[in-house]
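In: my questions are about this predicted structure, shown below with the sequence.
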Amino acid sequence: MTPGKRIIKKTIISAVYVVIFSLLAVGFYSLFSANPTCSDGTKNQNEEGVDCGGSCSAVCEKIPDVENIQVIEKNILPAGDGQYDVLARISNPNTQFGIADLEYSFDLLDGAGKIVGQSEGKNFILPSQEKYILAFNLTSSSEPKDLNFKIRSFRWTKFSEYEEPLVQVYSKEFNFVSAGSNFATLKARIKNLSDYDFRNITVSTIIRNDQNVPVALNQTNVNDVKVNEEREIVFNWGRSFEISQEAPKIEINTDVDFFSDDNFMKKYGSPDQYRSYGADSE
(Lines give C-alpha, C1' and ligand atoms only; values in the text may rest on other atoms or scores of the structure.)
Protein backbone atom coordinates (compact mmCIF):
# COMPACT_ATOMS: atom_id res chain seq x y z
CA MET A 1 0.00 0.00 0.00
CA THR A 2 1.38 3.34 -1.00
CA PRO A 3 1.92 6.12 1.59
CA GLY A 4 -0.85 8.18 0.04
CA LYS A 5 -3.38 5.38 0.43
CA ARG A 6 -2.29 4.85 4.06
CA ILE A 7 -3.01 8.52 4.83
CA ILE A 8 -6.44 8.32 3.18
CA LYS A 9 -7.24 5.15 5.14
CA LYS A 10 -6.22 6.71 8.47
CA THR A 11 -8.27 9.80 7.70
CA ILE A 12 -11.38 7.70 6.93
CA ILE A 13 -10.92 5.63 10.13
CA SER A 14 -10.51 8.80 12.26
CA ALA A 15 -13.65 10.32 10.74
CA VAL A 16 -15.61 7.14 11.50
CA TYR A 17 -14.48 7.21 15.15
CA VAL A 18 -15.49 10.90 15.45
CA VAL A 19 -18.94 10.12 14.08
CA ILE A 20 -19.36 7.14 16.42
CA PHE A 21 -18.31 9.08 19.51
CA SER A 22 -20.58 12.01 18.54
CA LEU A 23 -23.55 9.70 18.16
CA LEU A 24 -22.78 8.06 21.51
CA ALA A 25 -22.51 11.45 23.22
CA VAL A 26 -25.84 12.58 21.80
CA GLY A 27 -27.43 9.31 22.85
CA PHE A 28 -26.14 9.50 26.41
CA TYR A 29 -27.26 13.15 26.68
CA SER A 30 -30.73 12.29 25.42
CA LEU A 31 -30.91 9.32 27.77
CA PHE A 32 -29.85 11.04 30.98
CA SER A 33 -31.05 14.62 30.46
CA ALA A 34 -34.69 15.60 31.02
CA ASN A 35 -36.63 17.14 28.22
CA PRO A 36 -37.36 20.86 28.66
CA THR A 37 -40.76 21.49 30.24
CA CYS A 38 -42.81 24.43 31.41
CA SER A 39 -42.17 23.55 35.06
CA ASP A 40 -38.43 22.86 35.21
CA GLY A 41 -37.50 26.25 36.66
CA THR A 42 -35.29 27.06 33.67
CA LYS A 43 -35.74 29.50 30.82
CA ASN A 44 -35.40 27.17 27.84
CA GLN A 45 -37.30 26.10 24.74
CA ASN A 46 -38.66 29.36 23.33
CA GLU A 47 -39.87 30.71 26.69
CA GLU A 48 -40.07 34.46 27.22
CA GLY A 49 -39.37 34.04 30.93
CA VAL A 50 -38.80 31.18 33.32
CA ASP A 51 -41.55 28.62 32.52
CA CYS A 52 -43.81 31.23 30.93
CA GLY A 53 -44.50 32.64 27.48
CA GLY A 54 -43.64 31.07 24.15
CA SER A 55 -44.75 27.44 24.06
CA CYS A 56 -45.78 27.57 27.74
CA SER A 57 -49.39 28.43 28.54
CA ALA A 58 -48.47 30.53 31.59
CA VAL A 59 -48.35 34.25 30.81
CA CYS A 60 -45.23 36.06 32.01
CA GLU A 61 -46.08 38.79 34.48
CA LYS A 62 -44.70 42.06 33.27
CA ILE A 63 -43.17 44.31 35.90
CA PRO A 64 -43.96 47.95 35.14
CA ASP A 65 -41.30 50.61 35.10
CA VAL A 66 -40.55 52.06 38.51
CA GLU A 67 -39.32 55.56 39.27
CA ASN A 68 -36.23 56.21 41.33
CA ILE A 69 -36.36 57.21 44.98
CA GLN A 70 -36.09 61.00 45.28
CA VAL A 71 -33.94 62.75 47.89
CA ILE A 72 -35.79 66.01 48.61
CA GLU A 73 -33.93 67.28 51.67
CA LYS A 74 -30.70 66.67 53.59
CA ASN A 75 -29.21 68.51 56.56
CA ILE A 76 -26.37 68.46 59.08
CA LEU A 77 -26.97 69.49 62.71
CA PRO A 78 -24.19 70.01 65.26
CA ALA A 79 -24.46 67.61 68.21
CA GLY A 80 -21.48 68.85 70.25
CA ASP A 81 -17.89 67.63 70.78
CA GLY A 82 -17.13 67.07 67.10
CA GLN A 83 -20.31 65.08 66.53
CA TYR A 84 -23.20 65.72 64.17
CA ASP A 85 -26.77 64.54 63.60
CA VAL A 86 -27.96 64.19 60.00
CA LEU A 87 -31.21 63.70 58.15
CA ALA A 88 -32.37 62.84 54.67
CA ARG A 89 -35.97 63.17 53.53
CA ILE A 90 -36.78 60.75 50.72
CA SER A 91 -39.88 60.13 48.63
CA ASN A 92 -41.13 57.06 46.77
CA PRO A 93 -43.27 58.12 43.77
CA ASN A 94 -44.42 54.55 43.04
CA THR A 95 -47.92 53.59 44.16
CA GLN A 96 -47.43 49.80 44.20
CA PHE A 97 -43.71 49.30 44.73
CA GLY A 98 -41.68 49.63 47.91
CA ILE A 99 -38.19 48.69 49.06
CA ALA A 100 -37.73 46.22 51.92
CA ASP A 101 -33.93 46.43 52.29
CA LEU A 102 -32.77 49.91 51.41
CA GLU A 103 -29.07 50.15 52.26
CA TYR A 104 -27.76 53.69 52.54
CA SER A 105 -24.88 55.81 53.77
CA PHE A 106 -24.40 59.35 55.03
CA ASP A 107 -21.06 60.98 54.12
CA LEU A 108 -19.91 64.14 55.88
CA LEU A 109 -17.73 66.13 53.44
CA ASP A 110 -15.20 68.88 54.03
CA GLY A 111 -14.74 71.89 51.73
CA ALA A 112 -12.65 69.83 49.30
CA GLY A 113 -15.27 67.06 49.07
CA LYS A 114 -13.26 64.64 51.22
CA ILE A 115 -15.19 62.29 53.50
CA VAL A 116 -14.55 63.28 57.14
CA GLY A 117 -17.32 61.22 58.75
CA GLN A 118 -19.64 58.41 57.71
CA SER A 119 -22.60 56.35 58.85
CA GLU A 120 -24.24 53.37 57.14
CA GLY A 121 -27.57 51.70 57.75
CA LYS A 122 -30.56 49.82 56.41
CA ASN A 123 -34.16 51.01 56.19
CA PHE A 124 -37.29 50.56 54.07
CA ILE A 125 -39.81 52.67 52.20
CA LEU A 126 -43.43 51.86 51.44
CA PRO A 127 -45.37 52.71 48.26
CA SER A 128 -46.08 56.46 47.89
CA GLN A 129 -44.30 57.11 51.18
CA GLU A 130 -42.30 60.19 52.08
CA LYS A 131 -40.11 59.64 55.12
CA TYR A 132 -37.08 60.81 57.07
CA ILE A 133 -33.95 58.78 57.61
CA LEU A 134 -31.99 60.00 60.63
CA ALA A 135 -28.55 59.24 62.01
CA PHE A 136 -27.12 60.53 65.27
CA ASN A 137 -23.71 61.42 66.68
CA LEU A 138 -21.57 61.02 63.58
CA THR A 139 -17.96 61.75 64.51
CA SER A 140 -16.10 64.04 62.11
CA SER A 141 -12.37 64.78 61.94
CA SER A 142 -13.15 68.38 60.91
CA GLU A 143 -16.19 70.62 60.52
CA PRO A 144 -18.27 69.24 57.63
CA LYS A 145 -19.37 71.58 54.86
CA ASP A 146 -21.71 69.27 52.97
CA LEU A 147 -23.66 66.04 53.30
CA ASN A 148 -23.91 63.26 50.76
CA PHE A 149 -26.72 60.71 51.10
CA LYS A 150 -26.27 57.56 48.99
CA ILE A 151 -28.68 54.70 48.37
CA ARG A 152 -26.18 51.85 48.07
CA SER A 153 -28.45 48.94 47.16
CA PHE A 154 -32.13 48.08 47.11
CA ARG A 155 -34.72 45.60 45.87
CA TRP A 156 -38.16 46.62 44.63
CA THR A 157 -41.15 44.73 45.99
CA LYS A 158 -44.67 44.93 44.60
CA PHE A 159 -47.67 45.30 46.91
CA SER A 160 -51.23 44.30 46.11
CA GLU A 161 -54.17 46.16 47.65
CA TYR A 162 -51.76 48.32 49.62
CA GLU A 163 -53.19 50.27 52.55
CA GLU A 164 -51.19 52.89 54.40
CA PRO A 165 -50.65 52.13 58.11
CA LEU A 166 -52.76 54.44 60.27
CA VAL A 167 -50.98 55.72 63.38
CA GLN A 168 -52.36 59.04 64.59
CA VAL A 169 -50.21 61.62 66.41
CA TYR A 170 -51.92 64.19 68.68
CA SER A 171 -51.58 66.19 71.90
CA LYS A 172 -48.11 67.60 71.15
CA GLU A 173 -46.66 69.55 74.07
CA PHE A 174 -43.23 71.23 73.78
CA ASN A 175 -41.47 72.92 76.72
CA PHE A 176 -38.09 74.35 77.57
CA VAL A 177 -36.73 72.93 80.80
CA SER A 178 -35.48 75.39 83.41
CA ALA A 179 -33.89 72.84 85.73
CA GLY A 180 -32.13 69.50 85.40
CA SER A 181 -29.94 68.13 82.61
CA ASN A 182 -32.46 68.52 79.78
CA PHE A 183 -32.76 71.67 77.69
CA ALA A 184 -36.16 70.90 76.17
CA THR A 185 -38.78 68.19 76.18
CA LEU A 186 -41.55 67.17 73.79
CA LYS A 187 -44.50 65.00 74.76
CA ALA A 188 -47.12 63.56 72.41
CA ARG A 189 -49.54 60.69 72.11
CA ILE A 190 -49.93 58.15 69.33
CA LYS A 191 -52.85 55.85 68.57
CA ASN A 192 -52.81 52.75 66.39
CA LEU A 193 -55.84 53.00 64.09
CA SER A 194 -54.67 50.21 61.75
CA ASP A 195 -56.15 46.73 61.62
CA TYR A 196 -52.91 45.25 62.94
CA ASP A 197 -51.16 44.95 66.30
CA PHE A 198 -47.61 46.19 65.74
CA ARG A 199 -44.56 44.95 67.58
CA ASN A 200 -42.63 48.13 66.79
CA ILE A 201 -43.48 51.66 65.69
CA THR A 202 -40.63 54.11 65.09
CA VAL A 203 -41.46 57.70 66.00
CA SER A 204 -39.19 60.56 64.92
CA THR A 205 -39.39 64.31 65.38
CA ILE A 206 -37.84 67.25 63.56
CA ILE A 207 -37.91 70.76 65.03
CA ARG A 208 -37.36 73.68 62.64
CA ASN A 209 -36.53 77.35 63.08
CA ASP A 210 -38.31 80.32 61.51
CA GLN A 211 -36.38 79.74 58.26
CA ASN A 212 -37.71 76.16 58.18
CA VAL A 213 -34.20 74.76 58.79
CA PRO A 214 -33.98 71.72 61.10
CA VAL A 215 -32.34 72.57 64.43
CA ALA A 216 -33.10 69.44 66.48
CA LEU A 217 -33.80 65.75 65.79
CA ASN A 218 -34.89 62.86 67.94
CA GLN A 219 -36.18 59.33 67.52
CA THR A 220 -37.64 56.56 69.66
CA ASN A 221 -39.29 53.16 69.30
CA VAL A 222 -42.65 52.20 70.77
CA ASN A 223 -43.14 48.47 71.27
CA ASP A 224 -46.16 46.15 71.28
CA VAL A 225 -48.90 48.58 70.26
CA LYS A 226 -52.26 46.91 69.81
CA VAL A 227 -55.18 48.01 67.65
CA ASN A 228 -56.82 51.21 69.03
CA GLU A 229 -54.20 51.43 71.78
CA GLU A 230 -52.79 54.85 72.78
CA ARG A 231 -49.25 55.52 73.99
CA GLU A 232 -47.43 58.56 75.31
CA ILE A 233 -44.02 59.34 73.85
CA VAL A 234 -41.42 61.68 75.31
CA PHE A 235 -38.41 63.26 73.58
CA ASN A 236 -35.65 64.99 75.56
CA TRP A 237 -32.77 67.20 74.36
CA GLY A 238 -29.69 67.86 76.45
CA ARG A 239 -28.24 70.67 74.31
CA SER A 240 -29.61 74.07 73.38
CA PHE A 241 -31.00 75.13 70.01
CA GLU A 242 -32.73 78.28 68.81
CA ILE A 243 -36.40 78.21 67.80
CA SER A 244 -39.46 80.37 68.19
CA GLN A 245 -40.73 79.84 71.73
CA GLU A 246 -44.19 81.12 70.83
CA ALA A 247 -44.91 78.77 67.93
CA PRO A 248 -42.19 76.15 67.40
CA LYS A 249 -42.36 74.21 64.14
CA ILE A 250 -42.56 70.58 65.19
CA GLU A 251 -42.95 67.51 62.97
CA ILE A 252 -43.66 64.08 64.43
CA ASN A 253 -43.63 61.11 62.08
CA THR A 254 -44.46 57.45 62.63
CA ASP A 255 -42.98 54.60 60.65
CA VAL A 256 -44.14 50.98 60.55
CA ASP A 257 -42.22 48.21 58.79
CA PHE A 258 -44.86 46.30 56.80
CA PHE A 259 -42.19 44.14 55.15
CA SER A 260 -41.29 42.29 58.34
CA ASP A 261 -43.64 39.47 59.37
CA ASP A 262 -42.18 39.72 62.88
CA ASN A 263 -43.60 43.22 63.20
CA PHE A 264 -47.17 41.90 63.17
CA MET A 265 -48.17 40.68 66.62
CA LYS A 266 -51.70 39.86 65.43
CA LYS A 267 -53.41 40.42 62.12
CA TYR A 268 -57.01 41.38 61.50
CA GLY A 269 -58.48 41.09 58.03
CA SER A 270 -56.49 39.63 55.17
CA PRO A 271 -52.70 39.46 55.61
CA ASP A 272 -52.30 38.40 51.97
CA GLN A 273 -52.55 42.00 50.79
CA TYR A 274 -49.06 42.60 52.21
CA ARG A 275 -47.40 39.48 50.85
CA SER A 276 -45.37 40.56 47.90
CA TYR A 277 -42.77 39.41 45.43
CA GLY A 278 -39.41 40.92 44.78
CA ALA A 279 -38.11 42.39 41.54
CA ASP A 280 -34.48 43.36 41.13
CA SER A 281 -33.86 46.85 39.82
CA GLU A 282 -30.71 48.60 38.81
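Out: Happy to help now that I have it.
In: shaky segments in the stretch 151-282 of the chain?
Out: 161-162, 265-282 (pLDDT under 70).
In: which stretches of it form strands?
Out: Taking DSSP state E, counting those that start in this stretch as the criterion, the stretch 151-282 of the chain carries its strands at 156-158, 167-176, 184-192, 196-208, 214-225, 230-237, 249-255, 264-267, 277-279.
In: to Lys131, which of those strands lies closest?
Out: The closest of these to Lys131 is strand 249-255. By Cβ to Cβ, the value is 6.1 Å. C-betas here are computed from N, CA, C, even on glycine.
In: what's the closest one packed up against?
Out: Applying 3 or more Cβ pairs under 8 Å, 6 or more residues apart in numbering; DSSP states H and E, we find strand 249-255 packed against strand 130-139, strand 167-176, strand 184-192, strand 196-208.
In: okay, buried residues for stretch 142-155 please.
Out: Using 16 or more other Cβ atoms under 10 Å as the test for burial, stretch 142-155 gives 144, 147-149, 151, 154.
In: got the end-to-end distance for that stretch?
Out: 35 Å (Cα to Cα, to the nearest Å).
In: same check on stretch 234-252?
Out: Stretch 234-252 end-to-end distance (Cα to Cα) = 11 Å.
In: show residues contacting that stretch.
Out: When contacts are defined by Cβ atoms under 8 Å, 6 or more residues apart in numbering, stretch 234-252 is touched by residues 79-80, 169, 172, 174, 176, 181-188, 203-210, 212, 215-216, 218, 220.
In: in it, what's buried?
Out: For stretch 234-252, by 16+ other Cβ under 10 Å, it's 235, 237, 243, 248-250, 252.
In: now stretch 168-175
Out: Here stretch 168-175 shows 169, 174 as buried, counting by 16+ other Cβ under 10 Å.
In: mind checking how far it is from the chain centre?
Out: 29 Å (Cα atoms, centre = their mean, to the nearest Å).
In: tell me, how many residues neighbour Asp257?
Out: 19 (other Cβ atoms under 10 Å).
In: OK, contacts around the nearest residue to it once chain neighbours are set aside?
Out: Closest residue to Asp257 apart from its sequence neighbours, by Cβ to Cβ, 6 or more residues apart in numbering: Asn263 at 5.0 Å. If you count contacts by Cβ under 8 Å, 6+ apart, Asn263 has them with 198-200, 256-257.
In: tell me which of those is nearest to Phe124?
Out: Nearest to Phe124 among the contacts of Asn263, with distances taken as Cβ to Cβ, is Asp257, at 5.7 Å.
In: distance of Asp101 relative to Asn123?
Out: From Asp101 over to Asn123 the distance is 9 Å, taken as Cβ to Cβ, to the nearest Å.
In: now swap in Leu109 and tell me
Out: Leu109 sits at a distance of 21 Å from Asn123 (criterion: Cβ to Cβ).
In: ok, these two, which is more surrounded?
Out: Using other Cβ under 10 Å, the more surrounded residue of Leu109 and Asn123 is Asn123, with 21 against 18.
In: right, and the more buried one touches Leu102 too?
Out: Yes: counting by Cβ atoms under 8 Å, Asn123 does reach Leu102; the two are 5.0 Å apart.
In: find residues that contact each of the two.
Out: Going by Cβ under 8 Å, 6+ apart, no residue sits against Asn123 while also sitting against Leu102.
In: distance of Ala88 relative to Ser105?
Out: Taking Cβ to Cβ, one finds Ala88 at 10 Å from Ser105.
In: now swap in Asp262 and tell me
Out: The value you get for Asp262 to Ser105, if Cβ to Cβ is used, is 25 Å.
In: comparing those two, which shows the higher neighbour count?
Out: Neighbours were counted for Asp262 and for Ser105 using other Cβ under 10 Å; Ser105 has more, 15 against 8.
In: nearest residue to the middle of the protein?
Out: Leu102 (2.6 Å; Cα atoms, centre = their mean).
In: tell me if that one really is in a strand.
Out: Yes: assigned with DSSP: H, G, I helix; E, B strand; the rest coil, Leu102 falls within a strand.
In: got a list of what it touches?
Out: With Cβ under 8 Å, 6+ apart, Leu102 has these contacts: 69, 122-125, 151, 154.
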